[in-house]
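Participant: Build me a structure from this.
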Amino acid sequence: MGTKMKTIIIGIDGMDYKFTKRLINEGKLPNFKKLETFSELKPNYPPNSPVCWTTLATGKNPGEHSIYDFIKINPENYLPELSLFKQKFTNLGIEYRPSNLSKPFWKIAEEKNIKTKIIRWPLTFPIEESKTKILAGLGVPDIKGFLSGNSFYTSKKIEKKLKPTNKIIYVTQQKIIRTKIFGPKEQTNERQINLTSELIINLEKQTIKTNISKIKFKKNKWSDWLSISFKNKSSKKIQAIFKVFISNIKPFEMFVTSLQIDPTKPLIKISNPEEYSKIISKEIKQKYYTLGIAEETDGLNEGFIDYKSFLEQTKEIDDEKTKIFWNEFKKFKEGIFAFVFDTSDRLQHMFWQKDKKIIEKYFIEKDKFIGELLNKIGNTTKLFIVSDHGFEKYDYSININKWLYKNNYLHITSEKSKFPLENIDWKKTKAYSIGFNSIYLNLKNRESEGIILEKEKKKLEDEIKKKLENLKHNHKKVINKIYKSKEVWSGNLKSAPELIVGFMPRYRMSWKSALGDITEEIISKNNKKWNADHLIDPKFVKGIFFCNKKINPPKKQEDFAKIILDS
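Facilitator: Okay, the predicted model is just below:
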């Protein structure tokens with residue numbers, strides 16, 4: 001009998017080519033240096049994680065797989081939607097359907113009877129039926145259907161403007177604090193209501209109790225996992241897990257993470273087969289973070305946790321993933337095994353300008369991990385390491401919608417609005433921006449109130465492109481290039497943005513503009529702790545590609561899936 005072939009893929013989100021090359025040259029990544037093939041890998045347009053990981057998985061460009069950005073618009077009602085999945089709210093809860101229209105390499109492999117195991121690859125949620133073992137990654141929501149949503153409990157009055165998914169909950173200072181955890185919403189006949197469950201904090205005994213679990217806590221330490229359940233009108237129990245960080249006793253201050261789907265009793269399917277998430281938990285003897293983006297960057301941005309506690313949490317998350325990796329590795333006998341580590345992305349967003357040594361330390365640890373892996377795999381195993389994009393400084397936010405408004409491409413009905421896009425006069429608007437790199441024309445027969453005819457498209461695209469490419473700040477260009485989607489993508493582009501914004505380093509779409517808001521200045525200083533990004537021109541944020549064999553590296557992300565299947 002011949003030797004069974006094995007392929008291992010390690011994804012490291014945001015591993016930057018220039019930064020990696022420097023660390024290798026300085027002798028800090030000796031195990032990465034041992035790998036026979038090392039090259040840069042330019043991201044797709046635009047260089048954000050959903051677009052790039054889907055391109056790497058499918059070998060298709062966004063025009064074919066239909067993931068264009070983090071956020072898109074529903075052309076029927078002009079409401080922003082996440083691109084990661086299709087979401088429908090029903091009386092029974094939330095229904096999810098995939099957005100990706102192309103077949104990933106593991107589906108092609110399983111059709112050829114190659115065993116496949118995919119752990120935390122972005123956009124594997126919602127789970128589709130297949131022979132592949134999958135634990136979903138980026139895209140897995142919390143139990144409320146959000147990608148994040150923390151809470152801060154305090155006895156002190158605070159004036160802060162938070163993201164809509166985050167909450168401040170005021171409590172009375174006393175020895176035993178009785179309060180509520182806010183769970184998912186439920187539709188009644190008249191309205192939506194928040195399901196709640198009791199939380200009891202005993203400050204003298206240093207305990208926290210829910211309706212199904214109790215733990216001891218230590219001040220300034222992340223707690224163990226707490227389990228909690230919510231009961232809806234059909235008496236169905238909805239179970240979640242979360243951690244808390246109590247930073248102060250008097251005044252009382254407690255940070256609560258997003259309510260994660262419990263891997264042992266998942267509210268919705270997050271693995272294939274469904275019991276796989278439970279089996280992993282049993283084998284590694286602990287529960288684990290299931291949220292697609294579990295690192296609490298919002299908590300750090302909003303000042304509810306500090307850098308030290310954020311770093312402690314990211315280490316916990318990465319250690320959990322490493323534990324899961326080795327547990328699955330020991331069972332891996334043949335076929336394809338892919339595993340994505342993404343804490344690297346969140347660390348770089350928060351520390352790229354503050355403290356590069358933190359990021360260095362992370363990759364030095366990953367180098368030790370790669371060294372251990374190389375010692376355990378034989379000559380017949382091919383090892384690939386890939387990242388979706390690199391990183392750059394983020395100093396200034398650009399509100400493209402405000403620019404479109406000031407240049408008479410976008411019109412409003414009033415200065416104030418409760419929700420993004422609510423105050424736009426669509427009957428006069430020629431173009432609008434949604435997402436972090438996308439500009440759409442308000443097309444007749446696509447948008448419900450579209451006004452731009454097919455014959456007017458080219459002239460309008462050229463006009464906006466030329467003007468935006470001349471946008472200056474401190475006498476320097478803000479945008480490297482505006483790309484026409486039809487020139488960089490192929491396939492069915494009917495629902496795609498017409499233009500893709502390739503920002504210069506240090507500049508990025510503002511958070512508000514990404515949702516369609518026009519209340520800010522065109523250019524404003526980024527004052528958030530989130531100080532680095534990759535949502536710029538792909539030429540400035542190249543990722544990496546490694547292989548333990550001498551091979552021709554991929555020239556573009558679309559080539560990666562073919563290399564895996566050929567291996």
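
Participant: which residues in the stretch 351-500 of the chain form helices?
Facilitator: 356-376, 400-406, 457-469, 485-488 (DSSP state H, counting those that start in this stretch).

Participant: Redo those helices as JSON lines? Include distance to K144.
Facilitator: C-betas here are computed from N, CA, C, even on glycine. What follows is these, written out as JSON lines (distance: least, CB to CB, whole Å):
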{"stretch": "helix 356-376", "distance to K144": "30"}
{"stretch": "helix 400-406", "distance to K144": "27"}
{"stretch": "helix 457-469", "distance to K144": "37"}
{"stretch": "helix 485-488", "distance to K144": "33"}
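
Participant: Pretty sure F255 sits against F245.
Facilitator: Yes: at 4.4 Å, F255 and F245 qualify as touching, with contact defined as CB atoms under 8 Å.

Participant: overlap in contacts of those two?
Facilitator: By CB atoms under 8 Å, 6 or more residues apart in numbering, F255 and F245 have these common neighbours: 305, 309.

Participant: Now the element after the worst-scoring helix or strand of the chain on mean pLDDT, going C-ward?
Facilitator: The element with the least model confidence among the helices and strands of the chain, by mean pLDDT, DSSP states H and E, is strand 85-90, at a mean of 76. Going down the chain from strand 85-90, the next helix or strand is strand 93-98, by DSSP states H and E.

Participant: Parallel or antiparallel, which strands does that following strand pair with?
Facilitator: Pairing partners of strand 93-98, with direction, according to DSSP bridges: strand 85-90 (antiparallel).

Participant: on that earlier part again, highest mean neighbour count out of the helices of the stretch 351-500 of the chain?
Facilitator: Between the helices of the stretch 351-500 of the chain, the one whose residues have the most neighbours on average, counting mean count of other CB atoms under 10 Å, is helix 400-406 (a mean of 23).

Participant: count of neighbours near F32?
Facilitator: Other residues within reach of F32, judged by other CB atoms under 10 Å, total 22.

Participant: Quick check: it is in a helix.
Facilitator: Yes: secondary structure assignment places F32 in a helix (DSSP: H, G, I helix; E, B strand; the rest coil).

Participant: got the contact list for it?
Facilitator: Listed by CB under 8 Å, 6+ apart, the contact set of F32 reads 20, 24, 38, 367, 370, 385, 546.

Participant: For the second one, grab the count of nearby residues.
Facilitator: Right, the one you point to is I24. Burial measure for I24: 17 neighbouring residues, criterion other CB under 10 Å.

Participant: Number of residues surrounding the closest residue to T297 other than its chain neighbours?
Facilitator: Using CB to CB, 6 or more residues apart in numbering and skipping the chain neighbours, the partner closest in space to T297 is R346 (5.7 Å). For R346, the tally of surrounding residues (other CB under 10 Å) stands at 23.

Participant: ok, now D425?
Facilitator: Other residues within reach of D425 by the criterion other CB under 10 Å amount to 12.

Participant: What separation do you get for it and K512?
Facilitator: With distances taken as CB to CB, to the nearest Å, D425 is found 19 Å from K512.

Participant: still on that earlier bit, rebuild the contacts of F32 as a markdown table, extending it with pLDDT and distance to H411.
Facilitator: Rendered in a markdown table, the data for the contacts of F32 read as follows (pLDDT from 0 to 100; distance: CB to CB, whole Å):
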| residue | pLDDT | distance to H411 |
| --- | --- | --- |
| T20 | 98 | 46 |
| I24 | 98 | 52 |
| F38 | 98 | 51 |
| D367 | 98 | 54 |
| I370 | 98 | 54 |
| I385 | 98 | 49 |
| F546 | 98 | 50 |
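
Participant: Go through the residues you listed and name the one nearest W530.
Facilitator: T20 (21.8 Å; CB to CB).

Participant: how far away is that closest one from E26?
Facilitator: Counting by CB to CB - T20 and E26 are separated by 11 Å.

Participant: go on, E521?
Facilitator: With the distance defined as CB to CB, E521 ends up 41 Å from E26.

Participant: And K376, by the same measure?
Facilitator: According to CB to CB, K376 stands 26 Å off from E26.

Participant: try K539
Facilitator: 25 Å.

Participant: Could you check stretch 285-302 and say which residues are buried?
Facilitator: By neighbour count on 16 or more other CB atoms under 10 Å, the buried set for stretch 285-302 is 287-302.

Participant: gap between the two ends of it?
Facilitator: With CA to CA, to the nearest Å as the measure, the first residue of stretch 285-302 is 33 Å from its last.

Participant: mind listing what F125 touches?
Facilitator: F125 sits next to 84-85, 96, 136-137, 139-141, 270, 292 when contact means CB under 8 Å, 6+ apart.

Participant: To K42, which of the helices of the stretch 351-500 of the chain lies closest?
Facilitator: Taking the helices of the stretch 351-500 of the chain one by one with CB to CB, helix 485-488 is closest: 11.6 Å.
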